[in-house]
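J.: predicted model, plus sequence, below.
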Amino acid sequence: MQENSHTESDVTTYDPATGTYTVDYSETSDIELSVTVVHAVLEATGKEPTEVNLNDAIQPDALNRLFGDKHDGTPRSGGTLTFAFAGCEVTVTGDGEIRVDPDP
């Protein structure tokens with residue numbers, strides 16, 4: 001795993017109106033999307049890393065490939081994926097946003 005120069009609290013914002021946490025993936029792009037999703041859920045729920053397993057919801061490599069660059073190196077655009085993970089509703093968008101609703 002590559003080191004991240006940001007802490008998750010530096011890039012995660014909370015919206016009290018909607019009760020959701022949002023991460024701009026472009027701010028954490030030096031680490032894998034799947035790792036960023038896990039960290040966002042941990043921050044939103046207060047759970048420990050040993051209490052969650054992303055594989056229970058989605059295959060991490062598939063998530064990384066789904067929103068990763070195309071084979072020719074060009075970025076993908078568009079697309080949205082919503083899934084349940086660790087009691088949360090997680091939405092990942094092609095424009096680089098991860099939204100976590102800890103109380104769906």
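T.: Cool, got the structure. Numbers count the residues shown, from 1 in each chain.
J.: so Asp30, which of the three states?
T.: For Asp30, the secondary-structure state derived from DSSP: H, G, I helix; E, B strand; the rest coil is coil.
J.: from Val11, how far off is it?
T.: Between Asp30 and Val11 the distance, using CB to CB, to the nearest Å, works out to 11 Å. C-beta here means a position set from N, CA and C on the backbone, and glycine is covered the same way.
J.: tell me which of the two has more neighbours.
T.: More neighbours sit around Val11 than around the other of Asp30 and Val11, counting by other CB atoms under 10 Å; the figures are 20 against 11.
J.: identify the bridge partners of Val100.
T.: Beta-bridge partners recorded for Val100 (DSSP bridges): Tyr21, Val90.
J.: pretty sure it is touching Thr18, no?
T.: No. The pair formed by Val100 and Thr18 falls short of the contact definition of CB atoms under 8 Å, at 10.8 Å.
J.: and those two? which has more neighbours close in?
T.: Neighbours of Val100 and Thr18, each counted by other CB under 10 Å, are more numerous for Val100; the result is 26 against 10.
J.: distance-wise, check Val38 relative to His71.
T.: For Val38, the distance to His71 - CB to CB - is 26 Å.
J.: now swap in Asn55 and tell me
T.: In this structure, Asn55 and His71 are 25 Å apart, going by CB to CB.
J.: for those two, indicate the residue with more neighbours.
T.: Counted by other CB under 10 Å, Asn55 and His71 do not tie: Asn55 has more neighbours, with 10 against 6.
J.: helix/strand/coil for the more buried one?
T.: When classified by three-state DSSP, Asn55 comes out as helix.
J.: how far away is it from Ala40?
T.: Per CB to CB, Asn55 is found 17 Å from Ala40.
J.: OK, contacts around the spatially most central residue of the chain?
T.: Among the residues of the chain, Val37 comes closest to the average C-alpha position under CA atoms, centre = their mean, at 2.5 Å. Val37 makes contacts with 54, 63, 85, 90, 92, 98, as judged by CB atoms under 8 Å, 6 or more residues apart in numbering.
J.: hmm, try it at 6 Å
T.: By CB atoms under 6 Å, 6 or more residues apart in numbering, the contact list for Val37 reads Ile98.
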